[in-house]
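1. need a 3D model of the following:
(one chain, ligands or ions: 1)
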Amino acid sequence: MDKHSILVCMGWEQLEIRLQKCEGWEQIEISLPNCSSLQVISFPVVQLHLNRTAMRASQKDFENAMNQVKLLKKDPGNEVKLKLYSLYKQATEGPCNMPKPGVFDLINKAKWDAWNALGSLPKETARQNYVDLVSSLSSSLESSSQVEPGTDRKSTGYETLMVTSEDGITKIMLNRPTKKNALNVEMYHEIMHALKAASKDDSAITVLTGNGDYYSSGNDLTNFTDIPPGGVEEKAKNGAVLLREFVGCFIDFPKPLIAWSMSSLWGIFRSPSLGYSIAVYASDRATFHTPFSHLGQSPEGCSSYTFPKIMSPAKATEMLVFGKKLTAGEACAQGLVTEVFPDSTFQKEVWTRLKAFAKLPPNAMRISKEIIRNREKEKLHAVNAEECSVLQGRWLSDECMNAVVNFLSRKSKL
Ligand SMILES: CCCCC/C=C/CC(=O)SCCNC(=O)CCNC(=O)[C@H](O)C(C)(C)COP(=O)(O)OP(=O)(O)OC[C@H]1O[C@@H](n2cnc3c(N)ncnc32)[C@H](O)[C@@H]1OP(=O)(O)O
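-> Residues are numbered from 1 along each chain as shown. Presented below is the predicted three-dimensional model:
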């Protein structure tokens, strides 16, 4: 009796098909991982040959699939990109033949792991799996665009924010509570979009806050793991461009901006939302944390300039260099927070106050903000540019990479 075994990838599932020759018939046994065999079916040999031939993707199919990947409109996410990468390498070079990258080389290590996990999968099977995966991606993206033809997601809502407008107040709420409102790349873009929209809408004031027990845990540290083809240098450069644009939006925001913090606020979102807001209201359980040195990084959001001016140089050093966490009361005493309210009445009291502010003449408020801030605008843009350039270098340092690896591997939490 002749036996062959083929691995076929259908979506994410890998099926094993065992073929057994038996008096002019082939028996097919199909099994799924973690399941016992599903079925044994018998086919005439001739039909089986046809199916096996049809199953193999040609070099042309493979090249078409590679081109299709370049045309995908939506980023399929890191997991799928790793799968595509590993199948491509296996299909073109065979089993993983590269030395294992070092522990800090996060991206290359993830790629190596994915490729190595394919073991001795034959090149033809990898090619077929690659073609199938691309085809499933293309059709899922087509079908999702068929659901809402021609609609712009930005006009219907946000993925990472909740933006509402009522009583003359536009509220921009960070909405990734399960990730403690960490800012991923999409959130940076959506906040900029929401701020630009709020600057033009008919609300009088804009409020920033976060959903859940954290206002924000700062920059999403997994942002550091999605490395483009140009490597970590390109990643750091892109990060600096994005950060500069993001902070620039706060510097140029024309309306009164109010930060409303019921909870902990870390890192990047803290600097612009405390440094440029007209007012910062905090509940008495809120805390403010700037762990730049812990992360091998340096101040951003113009905090190197605004904090020593708002607080005192010595207190700002404690916060920005040593990462001292401040309670709401301490932050208020230092002038970083306008007023602290008891947690139990915070929402009610702040909302009542904001509604009263929103009834003031909007143009007068805008002009007053302009005259207070305009003298500083040029300086703030220059500080922003300098901080981003310093950070670009820091992101490439061992100190920063170690801290990110520690967080991601959960060996230590900051
Ligand atoms: C364009 C780039 C610009 C870069 C600008 C630079 C900015 C500098 C900064 O922002 S510095 C601040 C960076 N932030 C941190 O260092 C905070 C890291 N997070 C933590 O230490 C903790 O998560 C915590 C103290 C905020 C909360 O701890 P807790 O135990 O209550 O909760 P978990 O750790 O279990 O978190 C729940 C899930 O949320 C994920 N998560 C939280 N914060 C981040 C983050 N900053 N980045 C990525 N992911 C984050 C966490 O991983 C958990 O996810 P999981 O449930 O999938 O495991």
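2. for Val163, pull up the helix or strand it's in.
-> Per DSSP states H and E, Val163 falls inside strand 161-166.
3. starting at the chain centroid, how far to stretch 160-169?
-> Mean C-alpha position of stretch 160-169 versus that of the full chain (CA atoms, centre = their mean, to the nearest Å) differs by 22 Å.
4. start at 491, not 1
-> Got it, the first residue is 491 from now on, which makes the last one we talked about stretch 650-659.
5. could I get the buried residue list for the strand holding Val653?
-> Leu651, Val653 (16 or more other CB atoms under 10 Å). C-beta coordinates here come from the backbone N, C-alpha and C atoms, glycine included.
6. so where's the stretch 741-890 of the chain shaky on pLDDT?
-> Residue ranges of the stretch 741-890 of the chain with pLDDT under 70: 757-767.
7. what about the helices in it?
-> Under the criterion DSSP state H, counting those that start in this stretch, the stretch 741-890 of the chain carries helices at the ranges 757-765, 793-800, 803-810, 818-823, 836-848, 852-884, 888-898.
8. quickly list the domain ranges of this protein.
-> Following the TED database, one finds the domains of the chain at 549-628, 651-902.
9. ok, which residues in the chain are in contact with the ligand?
-> 669-670, 672, 678, 704, 707-713, 729, 732-733, 756-758, 781, 785, 787, 790, 897, 903-904 (CB under 6 Å from any ligand atom).
10. show me which of these are buried.
-> With neighbours counted by 16+ other CB under 10 Å, those contain buried members at 669-670, 672, 678, 704, 707-713, 729, 732-733, 756-758, 781, 785, 787, 790, 897.
11. what about those residues, which are in strands?
-> In strands, judged by DSSP state E, the following of these are found: Tyr704, Trp756.
12. who are the neighbours in contact with the residue nearest to Ala769 when sequence neighbours are not counted?
-> Distances taken as CB to CB, 6 or more residues apart in numbering put Thr828 closest to Ala769, at 4.4 Å, once the chain neighbours are dropped. Shown in contact with Thr828 (CB atoms under 8 Å, 6 or more residues apart in numbering): Ala769, Val770, Tyr771, Cys822.
13. filter the residues you listed to the buried ones?
-> Buried by 16+ other CB under 10 Å: Ala769, Val770, Tyr771, Cys822, out of these.
14. which residues in the stretch 491-640 of the chain form strands?
-> Here the stretch 491-640 of the chain has its strands, by DSSP state E, counting those that start in this stretch, at 493-500, 503-512, 515-521, 529-534.
15. looking at those strands, which has the lowest confidence?
-> Lowest mean pLDDT within the strands of the stretch 491-640 of the chain: strand 529-534, at a mean of 42.
16. related to what we said a few turns ago, strand partners (parallel or antiparallel) of the strand holding Val653?
-> Using DSSP bridges, strand 651-656 pairs in its sheet with strand 659-664 (antiparallel).
17. other residues contacting the partner strand?
-> Outside strand 659-664, the residues that touch it by CB under 8 Å, 6+ apart are 650-655, 671, 673, 677, 681, 684-685, 688, 691, 693-701, 705-706, 759, 844-845, 848.
18. so Arg884 sits against Cys890, correct?
-> Yes. Arg884 is within contact range of Cys890, at 5.4 Å (criterion: CB atoms under 8 Å).
19. can you list residues touching both of these two?
-> Gly786, Gln787.
20. helices of the stretch 541-690 of the chain, residue ranges please.
-> Under DSSP H, counting those that start in this stretch, the stretch 541-690 of the chain gives helices at 549-561, 568-583, 596-606, 613-637, 643-646, 675-690.
21. a markdown table for these, including mean pLDDT?
-> Converted to a markdown table, the helices of the stretch 541-690 of the chain look like this (pLDDT from 0 to 100):
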| stretch | mean pLDDT |
| --- | --- |
| helix 549-561 | 85 |
| helix 568-583 | 90 |
| helix 596-606 | 86 |
| helix 613-637 | 72 |
| helix 643-646 | 40 |
| helix 675-690 | 96 |
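22. closest one to Glu808 among those helices?
-> Among the helices of the stretch 541-690 of the chain, helix 675-690 comes nearest to Glu808, with 28.0 Å by CB to CB.
23. packing partners of whichever helix or strand comes after that closest one?
-> Heading C-terminal from helix 675-690, the first helix or strand you meet, by DSSP H and E, is strand 695-700. Using 3 or more CB pairs under 8 Å, 6 or more residues apart in numbering; DSSP states H and E as the contact test, the elements touching strand 695-700 are strand 659-664, helix 675-690, strand 747-751, helix 836-848.
24. okay, now the sheet partners of the shortest one, with direction.
-> The sheet places strand 747-751 alongside strand 695-700 (parallel), strand 769-773 (parallel), with pairing taken from DSSP bridges.
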